[in-house]
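Student: Below: sequence and its predicted model.
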Amino acid sequence: MPTAPLDIEHEFRAILAPDSVRAATAADAVCGVQPRIVLEPGNEQQLAAVLRLANDAGLAVIPRGGGTKLSWGNPPIRADVILSTARLDKIIEHAWADLTVSVEAGCTIQKLQSALAQHGQRLALDPLWPVQATIGGVLSTNDSGSLRLRFGALRDLIIGVTLALSDGTLASSGGKVVKNVAGYDLPKLVTGALGTLAVITRTIFRLHPLPRNSKTLSISSCSLEEMQRLILAIQDSRLAHTALQARVAQDAEPVVDILFEGTEAGIAAQEAQLRELARPAPVTGTPSTVWTASQDLWNSANSAAMAKITALPASMGRTIKTVQRITASRKTQWKLTMQATGIGWLRLEGTPENLRASLSETRGEIEINGGSLAVFHHPAEMQRIDAWGQPGDALPLMRAVKNQLDPKNTLNPSRFLGGI
């Protein structure tokens, strides 16, 4: 690992407040790679300035928000500087009449949602660990959730962004109004890029009203075939549901959860339609906590492997059968929560050797059928496996974009797909 010259550290201290520069500790390690220094700029101009210094000095920079997903992706080949957005946590402007908000990247999801709720609004997003997760981290990892079914992906909610490029340039794209489409679409480019292209400093989102009422219903006592049929039937119906997911575990019948929002009369009418669609399976009211099922899979994750899988919505049942078959042959325990969008979280428990074999075989079959499997956590004893799998035909274009925006490979080097 390169060591930052003392004069560079002195320059960092000349830009930042005294308590914004500290030596990195073991707790700051990224996937086992130890950085040297932690920087916490107080505004985006300071962030851009220290990023430029690090880039000029050839140092590797790891952007960090709340740190909830810092272990996602492959280990960095270098990690010299942790660049924290913890102090960029302001809600800059809530234009409630226009249903938009401008917010700094270090603001947590919970803090933002609490402020928006005072005006009866929300960011229609339910990522993992909202208490600690920050706006920038959620965007960089493209972590959405069950609300994605109704309100779209993060790329559909973000309408403007300001970025710090590795050379210290502050670049903005988009605007404050929902219909503004001027300029190059940087918001969509950096969403899901794992911080490899630029450091997000602020974003502008479109908002939605908070619902008057909500009700969660669950449908149980169904086979995988019935689960698949039911999900497709609901999606093909006139039901205006907000979220739809399946919870499946080894040696347990699948459970389908559906969320309705709106007026009491509207919810009652939709519940009646759902009962007709689900017949003869029972439909029961259930606590709203079922929508944290994906997050609950991460409990005691140190002893398990966690993977994010994607599949065509019409292939969810087949994908789950693939998991069943491979894990049975490898003596691996499993649980899965899958959204009707075809995005799911898979938890595997077993010996390190069986976990690795299960992940590799499941990934291979899912990729053949047009899906993907990304490994975001595994026990320390397990031999490391590539986080992402096959990169596909887009890799040359992705590398070209990386070379254009971060030619010195300063930001999160080798953490992303294909070693980007």
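Tutor: Cool, got the structure. Values in this document were obtained by computation on a predicted structure and should not be read as measured data.
Student: low-confidence ranges in the stretch 251-400 of the chain?
Tutor: Judged by pLDDT under 70, the stretch 251-400 of the chain has no weakly predicted residues.
Student: Mind jotting down where the strands sit in it?
Tutor: 255-262, 283-285, 305-310, 333-339, 343-349, 372-377 (DSSP state E, counting those that start in this stretch).
Student: And the helices in the stretch 301-420 of the chain, which stretches?
Tutor: Counting by DSSP state H, counting those that start in this stretch, residue ranges of the helices within the stretch 301-420 of the chain are 316-329, 352-368, 395-405.
Student: quick one, which of those helices is nearest to residue 53?
Tutor: helix 395-405 (17.9 Å; CB to CB). C-beta: built from backbone N, CA, C; applies to glycine.
Student: Going by neighbour count, which residues of the closest one are buried?
Tutor: By 16 or more other CB atoms under 10 Å, the buried positions in helix 395-405 come out as 398, 401, 402, 405.
Student: what does stretch 409-419 give?
Tutor: 409, 410, 411, 412, 413, 414, 415, 416, 417, 418.
Student: Go through the residues you listed and say which is closest to residue 174.
Tutor: Closest to residue 174, out of all of the buried residues of stretch 409-419 and judged by CB to CB, is residue 411, at 21.0 Å.
Student: who's that closest one bridged to?
Tutor: Note on residue 411: beta-bridge partners residue 61, judged by DSSP bridges.
Student: hang on, it packs against residue 197?
Tutor: Yes - at 7.0 Å, residue 411 counts as touching residue 197 under the criterion of CB atoms under 8 Å.
Student: For the stretch 1-150 of the chain, which segments are assigned as helices?
Tutor: 6-15, 44-56, 109-117, 135-141, 148-151.
Student: Let me know which of those helices is tucked in deepest.
Tutor: Among those, ranked by average contacts under mean count of other CB atoms under 10 Å, first place goes to helix 135-141 (a mean of 28).
Student: roughly how far is it from the heart of the chain?
Tutor: Counting by CA atoms, centre = their mean, to the nearest Å, helix 135-141 is centred 7 Å from the centre of its parent chain.
Student: in the stretch 101-250 of the chain, which spans are strands?
Tutor: Counting by DSSP E, counting those that start in this stretch, the strands of the stretch 101-250 of the chain are 121-122, 158-164, 170-174, 199-206, 208-209, 213-219, 243-249.
Student: gap between residue 259 and residue 220?
Tutor: 16 Å (CB to CB, to the nearest Å).
Student: Please identify which of these two sits among more neighbours.
Tutor: residue 259 (22 against 18; other CB atoms under 10 Å).
Student: From what I see, the more buried one and residue 239 are in contact.
Tutor: No - at 10.8 Å, residue 259 does not count as touching residue 239 under the criterion of CB under 8 Å.
Student: State the number of residues packed around residue 362.
Tutor: For residue 362, using other CB under 10 Å, the count is 25.
Student: and if you look at the one 10 residues further on?
Tutor: Burial of residue 372 is recorded as 18 neighbouring residues (other CB under 10 Å).
Student: and what of residue 333?
Tutor: 15.
Student: quick one, what contacts it?
Tutor: 250, 327, 348, 349, 350 (CB atoms under 8 Å, 6 or more residues apart in numbering).
Student: Provide a PyMOL selection command restricted to the buried entries of those residues.
Tutor: Applying 16+ other CB under 10 Å to these, the buried members can be selected in PyMOL as follows:
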select buried, resi 327+348+349+350
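Student: Show me which of the contacts of residue 333 is closest to residue 372.
Tutor: residue 348 (16.2 Å).
Student: I figured that closest one hits residue 330, correct?
Tutor: No - contact between residue 348 and residue 330 fails when scored by CB under 8 Å: they sit 9.0 Å apart.
Student: ok, now which ones touch residue 377?
Tutor: Contacts of residue 377 by CB under 8 Å, 6+ apart are 71, 72, 298, 301, 304, 305, 306.
Student: how about 7 Å then?
Tutor: Residue 377 is in contact with 71, 301, 305, 306, counting by CB atoms under 7 Å, 6 or more residues apart in numbering.
Student: With residue 75 instead?
Tutor: Contacts of residue 75 (CB under 7 Å, 6+ apart): 31, 32, 33.
Student: repeat for residue 241
Tutor: 234, 258, 259, 260.
Student: who wins for most neighbours among the residues you listed?
Tutor: residue 258 (28 neighbours).
Student: My guess is that residue contacts residue 217. True?
Tutor: Yes - taking CB atoms under 7 Å as the definition, residue 258 is a contact partner of residue 217 at 5.3 Å.
Student: per-residue pLDDT, the spatially most central residue of the chain?
Tutor: Centroid check for the chain by CA atoms, centre = their mean gives residue 143 as the closest residue, at 1.8 Å. At residue 143, the predicted lDDT confidence score is 96.
Student: The closest residue to it other than its chain neighbours: neighbour count?
Tutor: Once flanking residues are discounted, residue 143 sits nearest to residue 127: 4.2 Å by CB to CB, 6 or more residues apart in numbering. Residue 127 has 25 neighbouring residues, counting by other CB under 10 Å.
Student: ok, now which ones touch residue 127?
Tutor: 109, 133, 138, 143, 144, 145.
Student: do you know how far the residue lying closest to the third one once chain neighbours are set aside is from residue 347?
Tutor: In space, residue 138 comes closest to residue 127 once its chain neighbours are excluded; the distance is 4.8 Å by CB to CB, 6+ apart. Applying CB to CB, one obtains 18 Å for the distance of residue 127 from residue 347.
Student: right, and residue 102 touches residue 204 too?
Tutor: Yes - between residue 102 and residue 204 there is a contact at 4.8 Å, judged by CB under 7 Å.
Student: of the two, who's got more company?
Tutor: In this view residue 102 and residue 204 are compared by other CB under 10 Å, and residue 204 has more residues nearby, 26 against 18.
Student: The more buried one reaches residue 159, doesn't it?
Tutor: Yes - judged on CB under 7 Å, residue 204 makes contact with residue 159 at a distance of 5.3 Å.
Student: anything in contact with each of these two?
Tutor: Common neighbours of residue 204 and residue 159 (CB under 7 Å, 6+ apart) are 100, 174.
Student: the domain parsing of this protein - what is it?
Tutor: 6-86+407-419, 91-209, 213-294, 297-377 (automatic domain parsing).
Student: Quick one, which of those gets closest to residue 386.
Tutor: Using CB to CB, the domains of the chain put domain 6-86+407-419 closest to residue 386, at 6.6 Å.
Student: before we move on, back to that, mind checking which of the helices of the stretch 1-150 of the chain is nearest residue 389?
Tutor: Ranked by CB to CB, the member of those that lies closest to residue 389 is helix 135-141, at 16.3 Å.
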